[in-house]
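# A structural model of the following input is requested.
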Amino acid sequence: MRQYSRRSILRLGAALAAGFGLDRQYGRAIAAGLEKLVTQEARVLWLQGMNCTGCSVSLLNSTDPGPLDLLTDVLSMAYHSTLSAAEGKVASGVVDKVIGAGGYYLVLEGAIPLKMPKACKVNGIPLTTILQTACRNAKAIIAAGTCAAFGGIPAAEGNPTGAGSLKEFMDKEGIPTKGRLINCPGCPMHPEELVGTLAYVLAKGLPELDPELLTPALFYGHSVHDNCPRFHYWQKHEYAEKFGDPGCLFKLGCLGPLSHTNCPQRQWNGGVNWCIRAGSPCLGCTSKEFAKRRDFPFYRKGEQVHAVAYAEQDRGSKLQ
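A predicted model of the protein is given here:
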């Protein structure tokens, strides 16, 4: 295991904070939390519900630190169903042992089948059964990705499983969420948001959360629209009519006003690119209603090409 010096931890905390456009004070807080993770003072139990494993893949796309350092040195991962070597009864035994001991930080990826518990099982046991104890014994809980935070794609209109969010499950089971549950939405979730949130919780406790969305303000405090590099086009009412055109992407379906995240600041794949920089409108993947409506397409080409099945006000009052 690589040994991190105090200086390297401070540097890593500062780098994470800078990547999100945060003040220096947040860098020190994140560094303090990272130190607890590195010294294995805090264990992470990662469970998966109804998902495509995209958030786990995103975790492996971490660049600073890289995936190997992140999983072997930074995060004290007690169990992860995709990344752990253990299987079957051995894996189930590890999960039971961690949950029984308590004092861990629970991360859930994926939605929960609220109406059809048998639709998602871990070693033959319904995930809903495992979560009843896992949520109660955890120090804090992070819903990683939009599926866990809000239901996401599994909760799309017409699904038979009654897929829902972690908060919906906890409310249904009478498990307290206040002061314990944090949502880190995204399809997928950005790896630095997870690491940064975990580190902040370890150092300072729960960050300031949106009262409705339960998202940390330090990462999700502004919409994509607020910081969009094409904002000046919107101010001048200059809209792109087709993909590749200059101009605001609103007429092509951009949901920037509804998507609260900091993609414009930290971007993806080590800062290489992100949706709007690549010429795609924002899909609103961090929004509460992402992918839930059958009549609300991700993309559109404009009224001149085909009719749309929603009103403009559905895309947010900021564009009225």
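# where do the helices sit along the chain?
Applying DSSP state H to the chain gives helices spanning 6-19, 24-38, 54-60, 67-69, 88-101, 127-137, 146-150, 166-173, 191-204, 217-220, 231-235, 263-266.
# got a list of what residue 102 touches?
137-138 (CB atoms under 8 Å, 6 or more residues apart in numbering). (Glycine included, C-beta is placed from N, CA and C.)
# now do it, the pLDDT please.
Predicted confidence (pLDDT) at residue 102: the value is 94.
# ok, the one 3 residues further on next?
With respect to pLDDT, residue 105 has a value of 92.
# quick one: it and residue 45 touch, right?
Yes. Between residue 105 and residue 45 a contact is recorded at 7.2 Å, counting by CB atoms under 8 Å.
# worst mean pLDDT among the helices of the chain?
Looking at these, the lowest mean pLDDT belongs to helix 67-69 (a mean of 58).
# tell me the domain boundaries of the protein?
Domain assignment for the chain by automatic domain parsing gives 6-219, 222-320.
# now, of those domains, which is deepest in the fold?
Among these, domain 6-219 has the highest mean neighbour count (mean count of other CB atoms under 10 Å), at a mean of 19.
# now that domain: how far from the chain's centre is it?
Relative to its parent chain, domain 6-219 has a centroid offset of 8 Å by CA atoms, centre = their mean, to the nearest Å.
# joint contacts of residue 105 and residue 45?
The contact sets of residue 105 and residue 45 overlap at residue 138 (CB under 8 Å, 6+ apart).
# residues in contact with residue 264?
By CB under 8 Å, 6+ apart, residue 264 lies in contact with 224, 227-229, 274, 276.
# could you pull up phi and psi at the nearest residue to residue 88 once chain neighbours are set aside?
Of all residues not flanking residue 88 in the chain, residue 123 sits nearest, at 6.4 Å (CB to CB, 6 or more residues apart in numbering). For residue 123, the backbone dihedrals (degrees, to the nearest 10) come out as phi 50, psi 40.
# okay, residue 123: pLDDT?
83.
# distance of the residue lying closest to residue 135 once chain neighbours are set aside from residue 181?
Computed as CB to CB, 6+ apart, the closest residue to residue 135 that is not its neighbour in sequence is residue 175, at 4.9 Å. Distance of residue 175 to residue 181, given as CB to CB, to the nearest Å: 9 Å.
# same question, residue 231
From residue 231 to residue 181 the distance is 33 Å (CB to CB).
# residues contacting the residue lying closest to residue 129 once chain neighbours are set aside?
Leaving aside its chain neighbours, residue 129 sits nearest to residue 117 (7.3 Å; criterion: CB to CB, 6+ apart). Taking CB under 8 Å, 6+ apart, we find residue 117 in contact with 126-129.
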